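Peer 1: How does the following fold in three dimensions:
(4 chains)
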2 protein chains.
Amino acid sequence: MSWKDRERGYHHGNLRQALIEAARALIGEKGPAGFTFAEAARAAGVSAAAPYRHFRDRDALMADVAAQGFERFEAALAKAWNEGKPEPMIAFHHLGRAYLHFARTEHAYYSAMFESGLSPDATPELRAASDRAFGVLRGAAETLCAQLPAGKRPPVLMVSLHIWAISHGVASLFGRGDSGRRKLPMDADELLESAVLVYLNGLGLGRA
Amino acid sequence: MSWKDRERGYHHGNLRQALIEAARALIGEKGPAGFTFAEAARAAGVSAAAPYRHFRDRDALMADVAAQGFERFEAALAKAWNEGKPEPMIAFHHLGRAYLHFARTEHAYYSAMFESGLSPDATPELRAASDRAFGVLRGAAETLCAQLPAGKRPPVLMVSLHIWAISHGVASLFGRGDSGRRKLPMDADELLESAVLVYLNGLGLGRA
DNA sequence: CGCTGATGTAAGAGTTGTTAACATGAGCTG
DNA sequence: CAGCTCATGTTAACAACTCTTACATCAGCG
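Peer 2: Okay, the predicted model is just below:
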């Protein structure tokens, strides 16, 4: 909320960003399908015709929400990974927690990114942001794989895709706290951590 | 299309089922949010008011679609698993392929089941059908775990949730053939198979 | 033959998407 | 500072839809 300190007046000042945030809020309340062009305008305190100055249609707005989501996602993951410090396995552990934490606390963004039915190629920026976020996972996988003897070193891309799939699966099936899918004796964090531990063990990376 | 051989006439004869199938078709075309009560009625060749006799609202219809999806899902998984025959690891392999195959070919059902934003408790039948489907995974995990020495045997529930998360993650990120999320050097089947192999290896279940 | 339940028809109220025409104000130019 | 210009918003209006209720109508059963 650092933008616009003088929003009043005929001109909104930063309607584009305001619409993106309104859309995000609506997605958070009513799911990825639960917002409408007109509704976003209303939530931003603006007439129904105004959004057409900034977005061609609903999908264009959604794509921008998702792109911003991927940017924040990348930042959160990169911060948690912290270039593998202090120790790759520990940093990797942080990375997993950050993935789940983002999926939960920024659930609206996560919805727009993965559950909106949006093609990842809807926009060049979206594609780029998505690739950058995945790059963090890939980098982490690279560091981990490097710890293995060259002989039994699996393809880095494959490992990063596996990790992504496990994380996404856990987040999407068990991630949402109280509105969760079913009641279980363990929560998402434990599930992800244990799954990743078993997986890494299977790669030959014993526990630290 | 085995129902209704005499659809003509004032009475539809099996409108409830016809609406469910119409909804499923629409979901397949335009995503889990892409169908409307009125639209489903139109697709079933019926007036917009007719559905109200069978479903309270859109969500009730969606819940029935999802419930039927889970039933078919359970059948497909159970058939692939085939009680662990001829050999648990092979049957498990079949199970994974069946999971992905269902997610792809019955993508409309899969959407209704997992991407519709529907609560799994929306309906008792939905909950029950969902539990039965998961039961197949759980049974398979049980058989596999039994192969491990009692000392290092992990909790069955945990293992089945892991497997579910991996399968769902792969299906949902890389599952849709051509409209897939990104172009990759390996397809979803290979990804799931390799991920599960590494995971099982991590549990101590060496390859067959 | 009349009852009951399943559908159809009609009709209202409310939204949405979208365009066209007009208003406002911020900044540049002189 | 005056005035032009353009991006940004507003109002107005319309067609298309959806949702939902009220009432009419048909089919089969006793």
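Peer 1: Can you give me the domain assignment for chain A?
Peer 2: Per automatic domain parsing, the domain ranges recorded for chain A read A:8-55, A:62-203.
Peer 1: Tabulate these (a markdown table), appending mean neighbour count.
Peer 2: Any C-beta I mention is one placed from the backbone N, CA and C, and that applies to glycine too. Listed next are the domains of chain A as a markdown table, based on neighbours: other CB atoms under 10 Å in any protein chain shown:
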| stretch | mean neighbour count |
| --- | --- |
| domain A:8-55 | 17 |
| domain A:62-203 | 19 |
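Peer 1: Whether the helix or strand harbouring A:M62 contacts DNA strand C - can you check?
Peer 2: Element membership of A:M62 [criterion: DSSP states H and E] is helix A:58-81. Yes - counting by CB under 7 Å from any atom of the strand, DNA strand C has neighbours in helix A:58-81: A:R58.
Peer 1: how far does that helix sit from the chain's center?
Peer 2: Averaging C-alpha positions (CA atoms, centre = their mean, to the nearest Å) puts helix A:58-81 6 Å from its chain's average.
Peer 1: Spell out which parts of chain A neighbour DNA strand D.
Peer 2: Within reach of DNA strand D by CB under 7 Å from any atom of the strand, chain A has these residues: A:10-16, A:46-50, A:53-54.
Peer 1: Mind doing that once more with 6 Å?
Peer 2: Residues of chain A lying close to DNA strand D by CB under 6 Å from any atom of the strand are A:10-13, A:15, A:46-47, A:49-50, A:53.
Peer 1: pLDDT at A:R8, what is it?
Peer 2: We have a pLDDT of 49 for A:R8.
Peer 1: Helices - which of the residues of chain A next to DNA strand D land there?
Peer 2: In helices, defined here by DSSP state H, the members of the residues of chain A next to DNA strand D are A:L15.
Peer 1: Determine which two of the residues of chain A next to DNA strand D are furthest apart.
Peer 2: A:G13 and A:A49 (17.8 Å; CB to CB).
Peer 1: what's the helix or strand for the nearest residue to A:K85 once chain neighbours are set aside?
Peer 2: With CB to CB, 6 or more residues apart in numbering or on different chains as the criterion, A:K85 has its nearest non-adjacent residue at 6.1 Å, and that residue is A:A91. Here A:A91, judged by DSSP H and E, is contained in helix A:88-105.
Peer 1: Packing partners of that helix?
Peer 2: helix A:58-81, helix A:107-114, helix A:124-145, helix A:156-174, helix A:188-203 (3 or more CB pairs under 8 Å, 6 or more residues apart in numbering or on different chains; DSSP states H and E).
Peer 1: could those go into a markdown table alongside distance to chain B?
Peer 2: Listed next are the helices and strands packed on helix A:88-105 as a markdown table, based on distance: least, CB to the nearest CB, whole Å:
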| stretch | distance to chain B |
| --- | --- |
| helix A:58-81 | 11 |
| helix A:107-114 | 8 |
| helix A:124-145 | 8 |
| helix A:156-174 | 3 |
| helix A:188-203 | 3 |
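Peer 1: Pipe the ones you listed into a markdown table and attach mean pLDDT per row.
Peer 2: Shown next, in a markdown table, are the helices and strands packed on helix A:88-105 (pLDDT from 0 to 100):
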| stretch | mean pLDDT |
| --- | --- |
| helix A:58-81 | 97 |
| helix A:107-114 | 96 |
| helix A:124-145 | 97 |
| helix A:156-174 | 97 |
| helix A:188-203 | 97 |
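Peer 1: right, and the ones you listed - which one's nearest B:A41?
Peer 2: Ranking the helices and strands packed on helix A:88-105 by proximity to B:A41 (CB to CB) places helix A:58-81 first, at 24.2 Å.
Peer 1: pull the CA atoms of the closest one into CSV?
Peer 2: The C-alpha coordinates for helix A:58-81 follow below in CSV (Å, rounded to 0.1, in the frame of the first residue of the first chain):
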residue,chain,number,x,y,z
ARG,A,58,-11.0,-10.3,-17.7
ASP,A,59,-8.3,-12.7,-18.7
ALA,A,60,-5.8,-9.9,-19.2
LEU,A,61,-6.5,-8.8,-15.7
MET,A,62,-6.2,-12.3,-14.4
ALA,A,63,-2.9,-12.7,-16.2
ASP,A,64,-1.5,-9.7,-14.5
VAL,A,65,-2.6,-10.9,-11.1
ALA,A,66,-0.9,-14.2,-11.8
ALA,A,67,2.2,-12.5,-13.1
GLN,A,68,2.6,-10.4,-9.9
GLY,A,69,1.9,-13.6,-8.0
PHE,A,70,4.8,-15.3,-9.6
GLU,A,71,7.0,-12.4,-8.9
ARG,A,72,6.2,-12.5,-5.2
PHE,A,73,6.5,-16.2,-5.3
GLU,A,74,10.0,-16.1,-6.7
ALA,A,75,11.0,-13.5,-4.1
ALA,A,76,9.7,-15.6,-1.3
LEU,A,77,11.3,-18.8,-2.6
ALA,A,78,14.6,-17.1,-3.3
LYS,A,79,14.7,-15.5,0.2
ALA,A,80,14.0,-18.9,1.8
TRP,A,81,16.6,-20.7,-0.3
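Peer 1: Who are the packing partners of it?
Peer 2: For helix A:58-81, the elements it packs on are helix A:15-30, helix A:37-43, helix A:88-105, helix A:107-114, helix A:124-145, judged by 3+ CB pairs under 8 Å, 6+ apart.
Peer 1: pretty sure A:R138 contacts A:M158?
Peer 2: No - taking contacts as CB atoms under 8 Å, A:R138 lies outside contact range of A:M158: 10.6 Å.
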